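**Q** Provide a 3D model corresponding to the input given below.
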Amino acid sequence: MVTEISVMSGLILLALLVNYLYNGKAFYEPLVNTLTNVVYWVLIPLTFFKTFGERGLNVSDLWVLASFLTFMFVVFVFVYKLRHYEGGVREAVFLASVFPNAVFLGFPVSMAFFGTLEMASIYGFFTVTLNVIVPDFMHSERFTVGRFLKHPVTIGFLTGLTLHYGFREYVASVSNVLFWAGPLMSYSSAVILGLRLPVRLSVLKKYLMEALLVGTFRFVVSPLISLLFVLIFGIPWFRGLQLIMVSSMPPALINIIMSQKHGWSPELVSAITAVLTLLNLLSLSVLGIVLSL
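**A** Have a look, this model is predicted:
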């Protein structure tokens, strides 16, 4: 476990150093965009295809969705009662509080601590797709089925289910051929996380209280609600701990894109995402060392 966590942390720190030294150079954005597209359009669909091809989808998985929707409702009720927020700050706080980095950080963490992407994939499918749908709905943009079906997570999810339920005799062969997809996805995601994180955080002083609020939701409220659902539904602890950990991930990188798209204080989302991600990585490193003693 220590080795996996050390590799993941090392990759992120190395990518952060490259980010700090070379962000702004002519080659930087094209390089990062290319790597992101490879992960987004190739490795993510392949990982979801392999995972759901092997396991399918169970009715019991709906408790994962129920736990996330419950958390989202709690955040919505609390944040939208804070009437002093304006100029897109309320929406920015809502986004950063609700939607975790279930893929670019959740996948590497799940692989490092549990050696599996089962719960991260289920949680990731629900949260990533809603991370696109909910902000558009909040901004009164029409949801289109075509856009949903073209999402790489949806493509991997649906093709995986097709394999599992329609061509089950090929599942073992596909699993053997794609044995590399999960680990490569995890390591590549760690690199992209470091390359994409904002590294200049002077603006954070302006939004310190918002950062504390988002951190409370992400690191305290979200895992507690996940724990509640694990206890209520009697979920085995190996699966339950996976959900609790992935639900406590810091804000998703896509929140920055969504806040920029809709004009919801993107500088707030960027700064909070960077700080909470670094705090989370430090905590996970310490946890990994303690568990290995």
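
**Q** What is the least confident helix or strand in the chain by mean pLDDT packed up against?
**A** Averaged element by element with mean pLDDT, DSSP states H and E, the chain has its least confident helix or strand at helix 145-150 (a mean of 74). Contacts of helix 145-150 with other secondary structure elements, assessed using 3 or more C-beta pairs under 8 Å, 6 or more residues apart in numbering; DSSP states H and E, are made with helix 118-138, helix 152-166. For the C-beta atoms, the positions are set from N, CA and C on the backbone; glycine is no exception.

**Q** I'd like to know which of the ones you listed is closest to Gly106.
**A** With C-beta to C-beta, the closest approach to Gly106 among the helices and strands packed on helix 145-150 belongs to helix 118-138: 4.8 Å.

**Q** How far away from the center of its chain is the closest one?
**A** Shown here is helix 118-138, whose average C-alpha point lies 9 Å from the average C-alpha point of the whole chain (C-alpha atoms, centre = their mean, to the nearest Å).

**Q** Mind giving me the packing neighbours of it?
**A** Contacts of helix 118-138 with other secondary structure elements, assessed using 3+ C-beta pairs under 8 Å, 6+ apart, are made with helix 44-55, helix 62-79, helix 89-98, helix 106-114, helix 145-150, helix 152-166, helix 237-246, helix 254-262.

**Q** now it and helix 237-246, what's the angle there?
**A** What separates the directions of helix 118-138 and helix 237-246 is an angle of 40 degrees, with axes from the mean of the first three to the mean of the last three C-alpha atoms, to 10 degrees.

**Q** Contacts for stretch 79-88, please.
**A** Outside stretch 79-88, the residues within contact range by C-beta atoms under 8 Å, 6 or more residues apart in numbering are 90, 93-94, 97, 259, 262-265.

**Q** Let me know the closest of the residues you listed to Leu35.
**A** The shortest distance between Leu35 and any of the contacts of stretch 79-88, using C-beta to C-beta, involves Ser259 and amounts to 22.5 Å.

**Q** Report pLDDT for the spatially most distant residue from the centre of the chain.
**A** Relative to the centre of the chain, the most outlying C-alpha is that of Glu169, 31.8 Å out, by C-alpha atoms, centre = their mean. Per-residue confidence (pLDDT) for Glu169: 93.
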